[in-house]
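>>> Sequence first, then the predicted structure, then my questions.
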Amino acid sequence: MNGRSSIFLEAFALTQAIGELLGDAMAGGPLTPEEYAAYSVVFEEEAVTPTDMGRRLGMPKTTVMERVRLMEARGHVRRVPQLHDGRSYRLVLTASGLSAHRRAHDLFEAAYQAFLREFSGNIERAQRNLTRIRASVAEAGALSHRRRTRA
């Protein structure tokens with residue numbers, strides 16, 4: 001980095017490199033890297049609302065709902081109604097969804113382990129820094145939105 005590059009440019013380039021690594025590693029698998037991310041949120045949470053999925057993935061609700069529609073069409077998730085609100089629901093992976101996630105995870109994990117072998121830094125510190133950066137970006141976006149709506 002030459003000192004003139006912004007962290008946003010570097011983050012953009014990083015996401016492109018990660019996308020290429022995962023795209024190559026997961027080619028021919030049951031899920032694309034983007035699909036795997038959505039399935040992983042459902043898997044990790046065991047049951048998740050579309051709103052919480054969107055928050056975790058940093059995706060707008062319309063994109064999340066398209067992902068959910070595809071997952072449902074494949075028979076990979078089912079809706080479980082919320083007891084306190086009949087309109088709200090949580091998503092749960094079905095047996096076939098768990099199977100697809102497990103097979104995709106094997107491909108993802110191979111790429112992730114290759115990355116870890118090359119990355120000689122402190123992965124926990126890097127994750128904390130990325131979490132702080134993401135929170136700062138979200139707060140800057142919220143502040144900008146509040147300023148625009150007051151004008």
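Structure received.
>>> Burial check on the closest residue to residue 64 other than its chain neighbours, number of neighbours?
Setting aside the residues directly before and after it, residue 64 is nearest to residue 54 in space (CB to CB, 6 or more residues apart in numbering), at 4.1 Å. Quick note: C-beta positions are derived from backbone N, CA and C, even for glycine. Counted with other CB atoms under 10 Å, residues neighbouring residue 54 total 21.
>>> dump the residue contacts of the residue nearest the centre of the chain.
Geometric centre of the chain, nearest residue: residue 57, 3.7 Å, by CA atoms, centre = their mean. Residues counted as contacts of residue 57 (CB atoms under 8 Å, 6 or more residues apart in numbering) are 37-38, 41, 64.
>>> Turn those residues into JSON lines, columns for neighbour count, pLDDT and secondary structure.
Below are the contacts of residue 57 laid out as JSON lines (neighbours: other CB atoms under 10 Å; pLDDT from 0 to 100; DSSP: H, G, I helix; E, B strand; the rest coil):
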{"residue": "37", "neighbour count": "19", "pLDDT": "97", "secondary structure": "helix"}
{"residue": "38", "neighbour count": "28", "pLDDT": "97", "secondary structure": "helix"}
{"residue": "41", "neighbour count": "19", "pLDDT": "98", "secondary structure": "helix"}
{"residue": "64", "neighbour count": "22", "pLDDT": "96", "secondary structure": "helix"}
